[in-house]
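In: Everything below, folded, please.
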Amino acid sequence: MSEKGLQGLSCPRCGGMVPIPEGQAIVICPFCEQRSVVSGERGVRRYQVPQRAGREQALKAFKGFLTSSLEIGRDAARRAEVTDVLLVHLPFWSAWGRGVAWAFGQQQVGSGEHRRYEPRERRAVTELSWNAAACDVGEFGVRRVSLEGRPLEPFNSEGLHRSGMVFEPVGSEQTALETARLAFEREVSEKVKLSRTAQLFTRLLGARLGIVYYPAWVVRYLYRGRSFQVVVDGFDGAVLYGKAPGNVLYRAAVLVGGMALGALLAIDVPAAILSASEKGDILGVAAVAFAAGLGLMYAGWRKFRYGEHYEFHRYKEKAESVFSSGMDMLDVQDILREVGRLTR
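Out: Numbers count the residues shown, from 1 in each chain. As a prediction, the model looks like this:
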């Protein structure tokens, strides 16, 4: 025990001495195999959200999910065979704090010929909350949850293990705290956003980090020999994540409709615009219509190409718009040249 970085602490379950290698955040008791997160002298606070939705409520949410969208196969609810229903407790790094921001710059006032920029100073003080999965959630598809309105109870390891499967957190506390800090700064900066920002100052007050164990029901089922699963919130009984077979007829209709409307926007509308006006500034409007048509065709093709499986996330990250994805396919100069060629 004379090697640098090796120390001993009492296990919170059995009281045995647990060796702690330097820099290691997760340790396992050699006597009772209890896993613990180590963070300095005080440790990381642990909480748990109580389970209030039962097995029957989870199955009801599962059946409702299979009929919730036209993108799901029409016979999915009838042919689905439930193979397993289990309760799991997933750990989430969670951070709370108060954000303060000051912004100095100019704000646009008026429009057109009367548009002008006036000096502005904005300040904001807001309560912030952030969380992210503290283990590999690839199997469950739940990357984050909402803790708003959820009571946080003291962590009860034995109680959780008796009720279901408990996953232990992995990763670094410092990494989680830095990720939370960056997310807080982005959120509070949005509240003081100006048309032109000259200076921006942000401060985080009283930031604290903890681990929250969140209950979730995992419903696994078979559809025509293929395996899928739905994850239901163990607190309020709503679907957190779900995967289901896609609707072939819906995919085909979206592809045909997207191609038809996209071709109309990309070819017929620009041609009509350019033939009806000889003004040079109208070329920009035609280019926008052309790009929108390409985006619509791309969206229809993408929905058909990747619609074999339907995937739902209750809490998901902000995605780029389909229009932006379509615009990435062609350079603006290429669009203008193509519009000119079609209208000759």
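
In: Low-confidence stretches in the stretch 51-200 of the chain?
Out: Nowhere does the stretch 51-200 of the chain drop to pLDDT under 70.

In: hey, where'd the helices end up in it?
Out: Under the criterion DSSP state H, counting those that start in this stretch, the stretch 51-200 of the chain contains helices at 55-65, 76-79, 157-163, 173-190.

In: any idea how far the second one is from the chain center?
Out: It refers to helix 76-79. Mean-position distance between helix 76-79 and its chain equals 28 Å (CA atoms, centre = their mean, to the nearest Å).

In: Give me the helices and strands touching it, please.
Out: In terms of contacts (3 or more CB pairs under 8 Å, 6 or more residues apart in numbering; DSSP states H and E), helix 76-79 is not packed against any helix or strand. For every residue, glycine as well, the C-beta is placed using N, CA and C.

In: residues contacting the closest residue to residue 71 other than its chain neighbours?
Out: Nearest residue to residue 71 in three dimensions, chain neighbours excluded: residue 310, at 4.6 Å (CB to CB, 6 or more residues apart in numbering). Residues near residue 310 by CB atoms under 8 Å, 6 or more residues apart in numbering: 69, 71, 72, 242, 243, 244, 245, 246, 247.

In: So the fifth one versus residue 173, what's the distance?
Out: Put plainly, it is residue 243. Per CB to CB, to the nearest Å, residue 243 is found 32 Å from residue 173.

In: now the last one
Out: Noted for residue 247: a distance of 44 Å to residue 173, by CB to CB.

In: which stretches of this protein form strands?
Out: Remark: strands assigned in the chain by DSSP state E are 7-10, 17-20, 26-28, 35-37, 45-48, 81-109, 116-133, 153-154, 165-166, 196-223, 226-233, 239-245, 309-313.

In: Quick one: list the elements packing against the longest helix anywhere in the chain.
Out: Assignment by DSSP state H gives helix 283-305 as the longest helix of the chain. Applying 3+ CB pairs under 8 Å, 6+ apart, one finds that helix 283-305 makes contact with helix 248-263, helix 269-276, helix 322-327, helix 332-342.

In: now the angle from it to helix 269-276?
Out: 160 degrees (axes from the mean of the first three to the mean of the last three CA atoms, to 10 degrees).

In: one step back: quick one: which of the helices of the stretch 51-200 of the chain is nearest residue 256?
Out: Comparison of the helices of the stretch 51-200 of the chain against residue 256 by CB to CB identifies helix 76-79 as nearest, at 22.7 Å.

In: List the contacts of the closest one.
Out: For helix 76-79, contacts defined as CB under 8 Å, 6+ apart pick out 63, 66, 67, 223, 224, 244, 245.

In: which of those lies closest to residue 215?
Out: residue 63 (20.0 Å).

In: on that earlier part again, now render the helices of the stretch 51-200 of the chain as JSON lines, adding distance to residue 253.
Out: Output for the helices of the stretch 51-200 of the chain, formatted as JSON lines (distance: least, CB to CB, whole Å):
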{"stretch": "helix 55-65", "distance to residue 253": "22"}
{"stretch": "helix 76-79", "distance to residue 253": "18"}
{"stretch": "helix 157-163", "distance to residue 253": "45"}
{"stretch": "helix 173-190", "distance to residue 253": "38"}
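
In: do you know which of these lies nearest residue 132?
Out: Nearest to residue 132, of all the helices of the stretch 51-200 of the chain, is helix 173-190, at 6.7 Å by CB to CB.

In: could you check the angle strand 81-109 makes with that closest one?
Out: Using the same axes, to 10 degrees: helix 173-190 against strand 81-109 is 50 degrees.

In: contacts for helix 173-190?
Out: The contact list for helix 173-190 (CB under 8 Å, 6+ apart) reads 25, 37, 39, 44, 93, 95, 97, 99-101, 103, 124, 126, 128, 130, 132, 134, 200, 202, 204, 207, 209.
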